[in-house]
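Q: My questions are about this predicted structure, shown below with the sequence.
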Amino acid sequence: MTGSALNELPRWSWLLGLDLRSAAFVIATIGIVHPSAYIYSCFVHRGFLFMTAWLLAAAWCGFSVGLFVGIMQGLELAYECWEWFTLVFAPLMIVLMAALAAHCCCRQRASFAAFFTPVLAIVFYWITLYFVFVVNSERISRFS
């Protein structure tokens, strides 16, 4: 195992009662399905913010596919690439969703749902940081 800053992250032993390997599969699946949440918004709004968010989510989907394959094939590099990308992706998406929520607050006739959706996304992206800890724990337990 290589010496990496990832080894200093907190370690977890479960996710929703699942063992680490099953939890990593669930997390990879969430990452694969996740970009579909932005499809409707991209077709309706077609703004730069939505397209940026969707492209980042699509890239996260690609890394999640890599993680899924990495779990099945035992590739440590797939774990590390997914972890590093997610550590950049989640905070960036939190900032984008905060900008979107602020934009919704500034509009005159914004609905509660228009504001609540990005706030819910912010909560999800904070949870993805926890996902990094779980996947990292699986990587360390599997390859140490």
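A: Yes, it's here. Numbers count the residues shown, from 1 in each chain.
Q: Any idea how far stretch 29-42 is from the middle of the chain?
A: Distance of stretch 29-42 from the chain centroid (Cα atoms, centre = their mean, to the nearest Å) equals 11 Å.
Q: err, stretch 129-144, not the other one
A: Centroid separation between stretch 129-144 and its chain, computed with Cα atoms, centre = their mean, is 14 Å.
Q: And for Val132, the neighbour number?
A: When counting by other Cβ atoms under 10 Å, one arrives at 22 neighbours for Val132. Heads up, the C-betas are built off the backbone N, CA and C, glycines and all.
Q: repeat for Val119
A: Counted with other Cβ under 10 Å, the neighbours of Val119 add up to 13.
Q: Distance of Phe124 relative to Cys81?
A: Distance check for Phe124 against Cys81: by Cβ to Cβ, to the nearest Å, it reads 21 Å.
Q: right, I mislabeled it, should have said Phe115
A: In terms of Cβ to Cβ, Phe115 sits 34 Å off from Cys81.
Q: residue ranges for the helices of this structure, please.
A: Under the criterion DSSP state H, the chain contains helices at 20-33, 39-45, 48-73, 76-106, 112-143.
Q: Out of the ones you listed, the one nearest Ser4 is which?
A: Proximity to Ser4 (Cβ to Cβ) singles out helix 76-106 among the helices of the chain, at 7.0 Å.
Q: pLDDT below threshold where in this structure?
A: 1-3, 5-16, 39-46, 107-108, 110 (pLDDT under 70).
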